[in-house]
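# give the three-dimensional model of this entry:
(chains A and B)
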Amino acid sequence: MQQLKFKTMKKWQLLISCFLLLLATTKAQTTISTNVSGTVTTETGELLNGVSVKITSTDNKTTVAATTNEKGIFTITTLKVGTAYNFTFNYVGYETGYVKAFTIKEGNGNSLLVRLKQTASTLDQVVVVGYGTQNKRDVSTSVSSLKAADINNFPATGLDKALTGKLAGVQVLQPGGAPGAGIAILVRGRGTITAGSDPLYVVDGVPISDNSSDGPGFKVNPLNAINVNDIESVDILKDASASAIYGSRGANGVVIITTKRGKKDKPVIALNSYYGTQEASKKIKMMDAYEYADLIYEARNATYFDLLADRGLTGSVSDDNATRRLKLGAAASNDNLNYLMPPEIFPYLNKQQGLPNTDWQNEIFTKAPMQNHTISVGGGSENIKYYISTNYLDQQGIVINSAYKKYGGRINVDANYQKLKLGASINYNFGVYNFLPTEGRFNDATENVISGALAAAPFYSVYKADGAYNFDQARWLFQQANTNNPVGLAMLKTDKTFETKLLSNLFAEYEILKDLKYKVSFGADISNYKRDAFRPSTLPDFVSKLAPSNPIGNYRTNSITNWVVENTLSFNKKLGNHSIKSIAGFSAQKERQDASNITATGFPNDITQTLNAATTVTAFSSTINEWSLISGLARLQYSFKNKYLLSAAVRTDGSSRFGNQNKWGYFPSASAAWIVSDENFMKPIKTVSSLKIRASYGVTGNFQIGNYGSYGLLSASNYVFGTGSGTLNNGLALSTASNKELGWEKTSAVNLGVEIGLFKEKLHATVELYNNNTKDLLLNVPVPLNTGFSTNLVNIGKVNNKGIEITLASTVNIGAITLTNTANYSKNINKVIDLGGANSIITRAQGVVDFITQVGKPIANFYTLVQTGIFQNQAAIADAKNAKVPGAKPGDFMYKDVNGDGVIDNTNDREITGNYMPKFTYGFSSQAQYKMIDLSVSIQGVYGNTIANINQRHMNSAEGYANNTTEVLERWRSETNPGNGRIARANRAHRGFNAVSSTYHLSDGSYLRVRDITLGVTLPSKILAKAKITNLRCYITAQNPITFTKYNSYNPEVSIDTNPLTPGVDYGSYPLARSFFFGLNLSF
Amino acid sequence: MKHSIVVITVLCVILMSCKKDFLTLTPQSQITDGNFYKTSNDITQAVTASYAALQSGSMYGGHFITLMETRSDNIEDINPGGNAGRDYNIDQFLAKADNGAIRESWLALYNAISRCNNIIANISVVSDATLKAQYEGEAKFLRALHYFNIVRLWGNAPLVLTPISASEAKKQIRNTTIEVYGAIEADLKAAITALPTSFTGTNTGRATQGAAKALLAKVLLTQKKYAEAINILKDLVPATTNVYGYRLLPNVADVFSVSNKNNAEIIFAVKYNKAIVGQGHGLNQYFNQPSIDPLLTAAYNNTDTRKDLLNTVTVNANNKPVKKYQDTFDPSNNTLGNDYIILRYADVLLMYAEALNEVGYSSTGDAFTYLNAVRARANATTYTSATLINQLDFKNAVLLERRLEFPLELHRWFDLVRTNTAITALQNSGLTKITIQPFQYIYPVPQDEINVMNNPVGFPQNPQY
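Below is the predicted model of the structure:
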């Protein structure tokens, strides 16, 4: 036997290639004609039925055709011995295969084994569908996939970064830019109101923990532990039929991550590295000291004159503080009054030069380096294959003293012995987070550094003459904001989290009978966090604002152990035109979380910062949380003639999280697809190279509620019995109601999809329509008060999501340039159908901005006053056409009189003023390859959403107690000098409703962002071969280089509230980084 | 192959068999109804909490004073802007179904009832027969007290006598007052059987058999079941010889003294201890320099020792309570510790006198004896058959006496309603004269409740609200 190998036709790209193996005898013969047979399979050895084989003699004189049978075999009996023939193999979805100049030998030994490679970006990629894989061709549900090549060619700290904007219907939100911070993935909008909206993540078959408990101070990205370079593919199950195999956890979609495994070959060593710098992508233009002094002066005089007018008095802007106190009857010693002039401003008002004029943003933002290195080795023999990698990531934050470092390793091993297969995937990760509070209101207990820098007055220097931090501003009198020096806060506090993560899966598979396999797997997802924080004495005390303060130490641990055992039995069979793939199994999963939290004070100094040095424990807790899940599942996939596809699945889940009466849920699904292009009547239509129509229906659930939601919680309710005044008796009473009937939130979904390939797959389009109805919403709803409670977590209410997703992909060759473009568009329409009898739920975020969730409308609309302009003069205030705003004077805001009673009040004149969910999202990426050079761009955008930038309540207030943006320079000053028409007059104590949340504080959140531009050079293999290098590519990348948006704060993706009823609130946030990297992909 | 099948089968069996326990996880760091109400000690704590409900700011610790006393002609709310007029509107009969105090009191009462229901439903875990009877009796006494307040404040009301889920609650209707009173009487009769005559030592302050009888008498009197009321009251009335030891203290001020808690005149009170965090109360706005009807203070004899109880005493610049509720602030908790008396012996005597007179006027006998006992203790002139010459005179005298004896003790409004004299009393008040209508004898059901129940037939709003 002689093995021949034919080179592939390089048609488009290196990636799209075809390997052929040819087997033939070498014996010489002289017979005229003889039998030639061959087998055609996929790369993975699956037999291909119906492949058309064209055989042409090299002299083009004779042409013969044949087709493979269901065993993938073709036979031709008419070929002449000694003649050379060219073989061409054609099969839809596969690259054309060629065997050139094959000379027919004598005898019956002429046989060929041909392997066809699937074409990329068409129907026939392999797709992971949960408990198995399928050819994309056979998939009858809605699945979006991303392959290693799409992920590894540019720097990304996490998978989320790689996914953003790439897939239709998958919205990746990056609310915080803090190093290592979490992301939120929304698949097809929000179907739930109070339960979680995160998709289920499945890594190498292990559904990982959904525990998002506070690790380093923010929600940790569950995917952080996974090195992007280790990922082979990401598949997102979007419709209910696809995700129903994950039953009670499928309602928000399922993200399946498959890591790389070794291949039978000599070891391939790969190095992926990048190094670069990051900087804040945006700075907010704040006033300098001179502008701010003007604002304070104007604001305080306005307050002064308002108060004088109230008392029928008059005064002058030049009245000194003593005169002001005297006129308004305040004690001579009282400095804490909002109509006095802080003496700090006078040198600036007099335009004195050489004074402190600190730009606090410049002080806290920095250019931060970032690097990431992965080395992997993959290879193996027939029986043992391995993939080993190790990874180091070091990301310094763009805010001083914040950082994330991690060290990771992975071992994936596969072993075969006869009918037994064993495998292991083990991922270990050690991460260190340096956390800084960067989200939330300035001046609150979290000591937010970024909001603090925006609010801080430029009159103060960062350091005192002796080099110590200047904390004078914390004690600023005159009712000015007592901002703690943000640089001092960032540098002096320590807050470190150490994270260890182990993610592992071990499996054994045994082929009981031919086609019948039993598989058992054991997965574990273990996370441990230790967080150590210390607030030293050098920071001013919270109350006295003086240093030294009593140091505060905090130590928390959080340990999460999640294990899952799965047993499956699978049976795959092809019989003639019928093909069956089936699987049945059951699984058990359990999670335990142990958390502790200790806060202590009374450290003698700042030298020893661990709690052993403290003298007083001020708060402590230790808690255990558990959940468990038992499931049974079954799925049958059937295809007839490879073009009529049916699939049906059912899963049943029992969960500890639900009430006794509703522990079990059943989640059926079914789908069908028809590959129309394989029908004979389509053959003449040459422009259409592939066409598939599919439809699916399924039911999925959502179990993301607290672990013990069905139980009523008790809290202390003590009482005194006994003689005299009595002694304390401990009492306990229910503080929340129980609900033994608590069950699953169920989503039933219909999905229709069309996939079409045109012009020999040069253009491929997928269009999907879906309609998801979620019922039995887990809602904390008003219940009859006669239960003794006002709200209760119940299954009630309905939400509908419907939408459309369009994905276009094209690959064209223009000369030597190969251009690949993909574009996606998704639109989701969300509507509340029922809230269990209530018409609306009004919720408040951060104590200032209201949301309404109302039947017939989307979830969580902003519910505010509508600012319509500014009263220009007294006549406008008196005009009956303008609704009366109590207290308003010229220069204050006018509002829409929603209830038409002629008077504005901040309850009855609110209306729906926007929603954080976009009208549509889109993404575009383009890659050009010209010989050794590749260039790619990806763009992502969101349109039609609204954000409440409530930080504007301070920095655009024109009140002048905290620094304001330069937009406030355009404030109303008089009827003849009305500014930009948006900003009210300066006034330290606003009359009217200027400070009440209104459309003034809302902002259009639409944006178009160039996420990355990458230019790469791959060195020619001829040169590399001498150095025994297989592949060497260098690239430079700019990440987030440009964002087009009208949004007036750092990042329009922001949302500090995780409550689904209050999304899209920006109260100071970590800006997104703009980064430039140099990277290297090397393998040998 | 056979081996594998065996292994699979075994694995299946193992996993399936542990299924039930595997899915039943009870919280280990939180106390829930899943792991509470399991032991006798749990019930002890649940009973304690059922008393604690009385201290709620939506009950005796706050709103009840607005709903039951400010509503009457005794005092007036002088802070119309406070809490957006919440309390003022109740005082002035302007309150609508969205009034916060009405909603919060309704909710607090049903929350308190749910505490009792949970005790009664789980009482079987108490193995000690005496304790079991006592706890059940206490829960039933408190539940009866709550329903008595509910039925007097709102009329028809849903009767919830077992722990119920939200969906069950949604099926509730407003039971008639007759049904509610029936449940109250049944609970109190059970409590009378179950409760001891007295508690001593560390148990002082719990509801006793005497408290249950006194409350039952009040319930019967309110329903004008005079003969039955007399039958109950006669166990309580005989001074010094009643088994409960109830008697009038010689000095009426001593009844309210914070150094004389649990005295022989007190039958049942909400207990406080200002020295313990969370067990003190703030000074109620109506006890602090209240605007008292001048006709009330004028109605006292000059010698009447009760008059002085309405004079204020200065604790500090902002706090000048009436002497009845005089206490000093605890320095560390900044709270007061007066017990709020719900039932006392003077009430029993006046109820007895009233009931006897309703059955038939008698120029001699117990009705005069006990009415005069109350007056005599206060150093007020006593009545004779010459001053109260007939049943009506006597009836009016008792009503007046109740007004003089119990101002700021949450009896006045209910006395006016049950004697159908509220309309005239409010028109003749020495404070703002208000014309009210009979529908205003009861409050509107909270609008939230009407909305959630959404059952205009079975769960309607009170007429004209």
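# show me the longest helix that occurs in chain A.
Ranked by residue count and defined by DSSP state H, the top helix of chain A is helix A:289-310.
# buried set for the next helix or strand after it?
From helix A:289-310 onward toward the C-terminus, using DSSP states H and E, the following helix or strand is helix A:321-328. Residues of helix A:321-328 classed as buried: A:321, A:324, A:325, A:327, A:328 (neighbour count, 16 or more other CB atoms under 10 Å in any protein chain shown). Where you see a C-beta, it was placed from the backbone N, CA and C, and this is true even at glycine.
# report the beta-bridge partners for residue A:926.
Under DSSP bridges, the beta-bridge partners of residue A:926 are residue A:821, residue A:937.
# returning to that earlier point: export the buried residues of helix A:321-328 as JSON lines, with columns for distance to residue A:573 and pLDDT.
Output for the buried residues of helix A:321-328, formatted as JSON lines (distance: CB to CB, whole Å; pLDDT from 0 to 100):
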{"residue": "A:321", "distance to residue A:573": "92", "pLDDT": "92"}
{"residue": "A:324", "distance to residue A:573": "93", "pLDDT": "92"}
{"residue": "A:325", "distance to residue A:573": "94", "pLDDT": "89"}
{"residue": "A:327", "distance to residue A:573": "96", "pLDDT": "88"}
{"residue": "A:328", "distance to residue A:573": "92", "pLDDT": "86"}
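# closest one of those residues to residue A:429?
Closest approach between the buried residues of helix A:321-328 and residue A:429, by CB to CB: residue A:321, at 59.9 Å.
# gap between residue A:359 and chain B?
Residue A:359 is 45 Å from chain B, where distance means CB to the nearest CB, to the nearest Å.
# in TSV: the buried residues of helix A:321-328, plus distance to residue A:704.
Supplementary listing: the buried residues of helix A:321-328 in TSV, determined by distance: CB to CB, whole Å:
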residue	distance to residue A:704
A:321	57
A:324	57
A:325	58
A:327	60
A:328	56
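# follow-up on the earlier one: as a whole number, average confidence for the longest helix of chain A?
Average pLDDT, helix A:289-310: 92.
# packing partners for that helix?
Secondary-structure packing of helix A:289-310 (3 or more CB pairs under 8 Å, 6 or more residues apart in numbering or on different chains; DSSP states H and E): helix A:321-328, helix A:346-349.
# helix or strand right after the helix ranked longest in chain B?
Looking across chain B with DSSP H, the single longest helix is helix B:129-154. Helices and strands here follow DSSP H and E; after helix B:129-154, the next one along the chain is helix B:166-170.
# list the contacts for the residue of the stretch 201-350 of chain B found nearest chain A?
Proximity of the stretch 201-350 of chain B to chain A (CB to the nearest CB) peaks at residue B:273, 4.1 Å away. Counting by CB atoms under 8 Å, 6 or more residues apart in numbering or on different chains, residue B:273 touches A:720, A:725, A:726, A:727, A:728, B:279, B:280, B:337.
# dump the residues you listed to JSON lines, plus secondary structure.
Below are those laid out as JSON lines (DSSP: H, G, I helix; E, B strand; the rest coil):
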{"residue": "A:720", "secondary structure": "strand"}
{"residue": "A:725", "secondary structure": "coil"}
{"residue": "A:726", "secondary structure": "coil"}
{"residue": "A:727", "secondary structure": "strand"}
{"residue": "A:728", "secondary structure": "strand"}
{"residue": "B:279", "secondary structure": "coil"}
{"residue": "B:280", "secondary structure": "coil"}
{"residue": "B:337", "secondary structure": "coil"}
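# where does the stretch 151-300 of chain B come near chain A, residue by residue?
Within the stretch 151-300 of chain B, the positions near chain A by CB under 8 Å from any CB of the partner chain are B:158, B:160, B:164-167, B:169-170, B:172, B:200-206, B:258, B:261-262, B:271-276, B:278-279.
# mind running it again at 10 Å?
The stretch 151-300 of chain B comes close to chain A at residues B:157-160, B:163-172, B:174, B:199-206, B:258-262, B:270-280, as judged by CB under 10 Å from any CB of the partner chain.
# would you check how far apart residue A:443 and residue A:701 are?
In this view, residue A:443 and residue A:701 are 43 Å apart by CB to CB, to the nearest Å.
# look at the two and report which has more neighbours.
Neighbour count, other CB atoms under 10 Å in any protein chain shown: between residue A:443 and residue A:701, residue A:701 has more, with 30 against 19.
# how far does stretch A:695-703 sit from the chain's center?
Counting by CA atoms, centre = their mean, to the nearest Å, stretch A:695-703 is centred 22 Å from the centre of its parent chain.
# hmm, I typed the wrong one, I wanted stretch B:407-420.
Distance of stretch B:407-420 from the chain centroid (CA atoms, centre = their mean) equals 13 Å.
# tell me the helix or strand right after the lowest-mean-pLDDT helix or strand in chain A.
Lowest by mean pLDDT, DSSP states H and E among the helices and strands of chain A is strand A:20-24, with a mean of 33. Using DSSP H and E, the helix or strand that follows strand A:20-24 in sequence is strand A:33-42.
# by contact count, what packs against the following helix or strand past that next one?
Per DSSP H and E, strand A:33-42 leads on to strand A:52-57 as the next helix or strand towards the C-terminus. Packed against strand A:52-57 by the contact rule (3 or more CB pairs under 10 Å, 6 or more residues apart in numbering or on different chains; DSSP states H and E) you find strand A:33-42, strand A:63-67, strand A:73-80, strand A:84-90, strand A:97-103.
# strand partners (parallel or antiparallel) of strand A:52-57?
Using DSSP bridges, strand A:52-57 pairs in its sheet with strand A:63-67 (antiparallel), strand A:84-90 (antiparallel).
# which element, helix or strand, includes the nearest residue to residue A:721 once chain neighbours are set aside?
Excluding the flanking residues, the one nearest residue A:721 by CB to CB, 6 or more residues apart in numbering or on different chains is residue B:205, at 4.6 Å. Using DSSP H and E, no element contains residue B:205; it sits outside every helix and strand.
# which residues are in contact with residue B:343?
Neighbouring residues of residue B:343 by CB atoms under 10 Å, 6 or more residues apart in numbering or on different chains: B:145, B:207, B:210-215, B:217-218, B:246, B:266-269, B:351, B:409.
# which of the three states applies to it?
strand.
# quick one: contacts for the residue nearest to it when sequence neighbours are not counted?
Nearest in space to residue B:343, with sequence neighbours left out and distances taken as CB to CB, 6+ apart, is residue B:267 at 4.0 Å. When contacts are counted by CB under 10 Å, 6+ apart, residue B:267 touches B:207-208, B:210-215, B:236, B:244, B:246, B:341-348.
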